[in-house]
Structure formats: structure tokens, C-alpha cells
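> Need coordinates for the below:
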Amino acid sequence: MNWQTLTDWRQLLEWPGPDTDTVVWLTQVFAVVFLTVATNFILMRVIDIIDHFSSKTQNLWDDALLEAARVPVRLLLWVVGLSVAAEMLQSVSESAIFEYVAEVRRVAFIAIIAYFLTRLVTNIETNLVNPDRVKKPMDKTTANAVGKLLRISVLITALLIILQALGYSISGVLAFGGVGGIAVAYAAKDLLANFFGGMMVYLDKPFKVGEWVRSPDRSIEGTVEHIGWRLTRIRTFDQRPLYVPNSLFTTVVLENPSRMLNRRINEKIGIRYDDWQVMPDIVAAVRQMLIDHEDMETDYRTLIVNFDHYGDSYIEFFIYTFTKTTDWVRYHEIKQDVLMRIMHIVNDHGAQFAFPTRTLHMHTESNYEGDAREADDDEEGEAPPARSAAPRAPGNRRDRRQGWKGEQDQETGDDDGE
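Below is the predicted model:
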């Protein structure tokens with residue numbers, strides 16, 4: 001290598017050719033790569049400074065734009081620098097691999113732009129559902145659905161543009177897609193059913209991420225964690241993941257307890273029959289207690305406290321009312337307080353809660369044996385045979401009658417034989 005040629009700096013500014021000295025084009029390639037690295041470093045510092053100032057503003061779009069452009073800008077700069085270096089090598093080399101530099105650069109530009117747009121959509125979606133960034137956050141399920149549609153649109157468009165850049169006819173691709181779409185739709189009908197089921201979930205919004213859902217038709221109950229295009233992941237209350245195909249939501253009855261307005265208290269309470277006279281006073285006191293309770297919704301919801309039922313060992317009244325809260329834990333705390341107040345009301349009125357009781361009446365048996373002897377004397381006119389004074393084993397009513405008649409028949413048979 002003749003390093004003295006580098007003293008003429010004007011040669012470094014000329015585009016290299018087949019006759020360019022090796023030292024010159026190697027220096028040029030190195031300079032291009034070095035400038036790419038240096039520019040990349042400086043550009044990142046500039047973006048950090050801009051990001052520092054934009055973070056102090058309330059605008060969501062500048063933050064999303066800067067965060068989305070951070071990586072694509074670096075990739076774009078590297079593609080430009082490496083493609084220039086590759087074209088320099090193509091000028092001094094006869095290798096066939098450098099003939100694809102232009103096509104690779106076009107494909108890389110399209111891919112980087114698509115990557116930037118998908119990142120931008122994702123960042124905007126994240127900012128719109130963040131309560132720390134906006135006063136009225138968008139529904140997470142809706143934002144997720146719109147974000148997925150936009151990202152899919154960007155990817156499909158980028159793919160078609162790349163095919164066009166590589167020399168393929170887009171019209172032919174679309175025609176093939178139209179003809180083959182029928183076969184694909186028939187073969188993947190379950191997949192499409194799940195896809196459109198997910199679309200219905202996104203559009204109708206019977207539930208969203210974070211809500212508690214359950215189905216009386218199927219064994220589905222838990223908290224929604226993720227709504228995908230094919231599956232919805234539900235976390236059951238015992239912390240097991242449940243994966244439900246989206247097509248199932250188009251056929252089953254689904255309940256969303258997270259959207260209830262109130263929780264209901266429906267209890268039946270029994271007191272003794274001996275306390276029936278204070279039943280009206282107890283019912284009135286319980287009703288007034290519920291009206292005065294600060295956690296009960298009695299103005300816009302049904303309130304019923306009435307004597308309701310005669311039980312086997314108790315008389316029963318019931319309460320039907322609603323709480324203001326829908327939180328599960330807080331609801332049970334309020335319900336406990338209400339039940340304890342009812343116990344105090346019953347006790348203050350001198351009544352007692354009933355418990356199952358049973359009264360057994362004992363009946364003394366008659367002397368069925370003596371009655372049978374007197375009846376026999378009246379019919380035959382003679383005294384019955386002498387009987388032993390030994391005590392007879394206790395038996396039931398039927399056993400005593402049958403035993404005496406058997407003995408009498410035996411004695412009568414003996415007389416006839418004589």
C-alpha cells in the first residue's frame with residue numbers, strides 16, 4: 001500500500017472507482033462508518049435532550065413520537081451509512097452480492113418506517129389509557145382493539161409495498177388472495193370464528209380487562225386479564241389461568257358482576273313463637289335501622305322487612321335491601337354490622353332467636369290382656385283357664401293379643417280331642 005497517496009486529501013472526496021488506490025477507498029469506507037457511528041451518538045444525545053424538555057409538558061403526542069422514533073432513527077442512520085459503504089465497495093469490486101444493495105436498502109427503509117408506525121401506535125395507546133397522563137383515560141379494551149387493527153393495517157401495507165419493491169405484482173397477489181381466501185376461510189373456520197368473536201367482544205364490550213365475569217352456562221368465572229384475537233385469558237379466584245376461545249362468547253350467557261350498582265342483602269331471621277307479640281315492634285325497628293344506616297341504599301332500591309313465615313319451631317321475618325358499595329370485602333363488613341344490629345334489636349325487645357325444638361308426648365298403654373279376658377267370658381260363659389302369675393315379657397299391643405288367642409285355641413283343641 002502506498003500511504004503517501006493519502007497526503008492528497010482531494011482524492012478522499014472523489015467517488016472510488018476500479019482504478020482507485022486500495023488505501024484511498026479503504027480510508028473512505030472507514031470514514032463513512034466512523035461518521036455513521038459519530039452521528040448516531042450525537043443524534044441520541046439530541047433526542048435525550050428533547051425528551052427531557054418534552055416530559056415537562058402535558059402533550060401526549062410528543063412523548064409518543066420521540067419514544068417511537070428513538071430506535072428507528074438509529075436503524076435508519078445505520079442503513080444509510082452501511083448502504084453508502086456497500087456502494088463504495090461495489091465500485092471497486094466485481095462481486096455480484098453488491099448488486100442487491102439497492103433492493104435491500106429499499107426493503108430496509110420500508111421495514112423501518114413500518115416499525116416506527118407500530119411503535120407510535122403502541123405508545124399512543126399506552127398514553128391514552130394511563131390515568132397519570134390523561135384526566136379521562138380511554139377504555140383499555142377499546143384502545144387495545146383499535147391499536148391492534150392499526151398495527152395489522154401497517155404490517156399488511158408494508159408487506160404489500162415490499163412485494164411491489166421486489167418486483168412482484170400486487171394485483172396478482174390480491175387476486176390470488178381472493179381466490180385462495182375461500183379455501184383458507186373454510187379450512188380455518190374455527191380460527192375465523194374466534195377472530196370475529198373477539199371483534200364482537202371489542203365492539204359490544206360486554207367486559208373489559210380487569211373485570212369479574214362468570215357464565216351460568218359454563219364453568220367460567222374469574223378476572224379478565226387479556227383479550228386476544230383468538231383467546232381470552234381469565235384468572236380464576238384460585239389463581240389458575242383459564243383460556244376461553246372468543247367464539248364461545250357469541251353463544252353463552254355471560255354475567256358481569258363488576259358492573260353491578262349495588263350488592264343485595266337477603267336474609268331470613270326466626271324468633272320463638274313465645275315472642276310473637278313483639279314481632280311487629282322488631283320488624284319496625286329493623287326497617288328503621290336500615291333506613292338510618294349510612295351504608296345502605298334505601299332511597300333508590302327496594303327495602304322490605306316483613307313477617308313472612310310460620311316455621312316448625314319459629315316465626316320468621318325477612319330483610320331485603322341493598323348496600324351502596326359493590327366491593328366484595330366492604331360488602332361483607334357492612335352485612336356483618338347489619339346482622340349484629342338486628343341481634344341487638346331482638347335482644348332489646350326481650351325476644352330470643354329460635355332454634356329447632358320438638359315436644360314428645362308419652363301415652364300410657366292400657367291393659368289389653370284384661371280386656372280380652374272379659375270379652376271371652378261374655379261370649380262362652382265360662383272362665384278362662386288358669387294362667388301363671390309369672391310376669392310376661394313386655395310386648396306391643398298386637399303381640400299380646402295374638403299370644404293369648406294362640407293359647408286359647410290350643411286349649412280348645414285339646415278338649416275336642418278328648
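
> List the buried residues for stretch 107-116?
107-112, 114-116 (16 or more other C-beta atoms under 10 Å). Yep, even glycine has a C-beta here, placed from its N, CA and C like the rest.

> among the residues you listed, which are in helices?
Using DSSP state H, the members of these that fall within helices are 107-112, 114-116.

> Based on its surroundings, how many neighbours for residue 292?
The burial metric for residue 292, expressed as a neighbour count using other C-beta atoms under 10 Å, is 9.

> Contacts only, for it.
Contacts of residue 292 were listed using C-beta atoms under 8 Å, 6 or more residues apart in numbering, and none were found.

> mind redoing it with 10 Å?
residue 298 (C-beta atoms under 10 Å, 6 or more residues apart in numbering).

> what does residue 354 give?
Per C-beta under 10 Å, 6+ apart, neighbours of residue 354: 269-275, 311-316.

> With neighbour count, distance to residue 222 and secondary structure as new columns, can the residues you listed be given to me in a markdown table?
What follows is the contacts of residue 354, written out as a markdown table (neighbours: other C-beta atoms under 10 Å; distance: C-beta to C-beta, whole Å; DSSP: H, G, I helix; E, B strand; the rest coil):
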| residue | neighbour count | distance to residue 222 | secondary structure |
| --- | --- | --- | --- |
| 269 | 21 | 33 | strand |
| 270 | 19 | 36 | strand |
| 271 | 22 | 40 | strand |
| 272 | 15 | 44 | coil |
| 273 | 14 | 46 | helix |
| 274 | 11 | 48 | helix |
| 275 | 18 | 45 | helix |
| 311 | 14 | 38 | coil |
| 312 | 9 | 41 | coil |
| 313 | 13 | 42 | coil |
| 314 | 18 | 39 | coil |
| 315 | 19 | 42 | strand |
| 316 | 15 | 36 | strand |
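
> and of these, the nearest to residue 120?
When the contacts of residue 354 are compared for distance to residue 120 (C-beta to C-beta), residue 269 comes out closest, at 61.8 Å.

> Check whether that closest one really touches residue 352, as I assumed.
No: if you go by C-beta atoms under 10 Å, residue 269 and residue 352 don't touch, sitting 11.8 Å apart.

> Overlap in contacts, the two.
residue 346.

> care to break the chain down by domain?
3-176, 190-258, 260-348 (automatic domain parsing).

> could those be laid out in TSV, adding mean pLDDT?
Written out in TSV, the entries for these read as follows (pLDDT from 0 to 100):
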stretch	mean pLDDT
domain 3-176	78
domain 190-258	85
domain 260-348	93
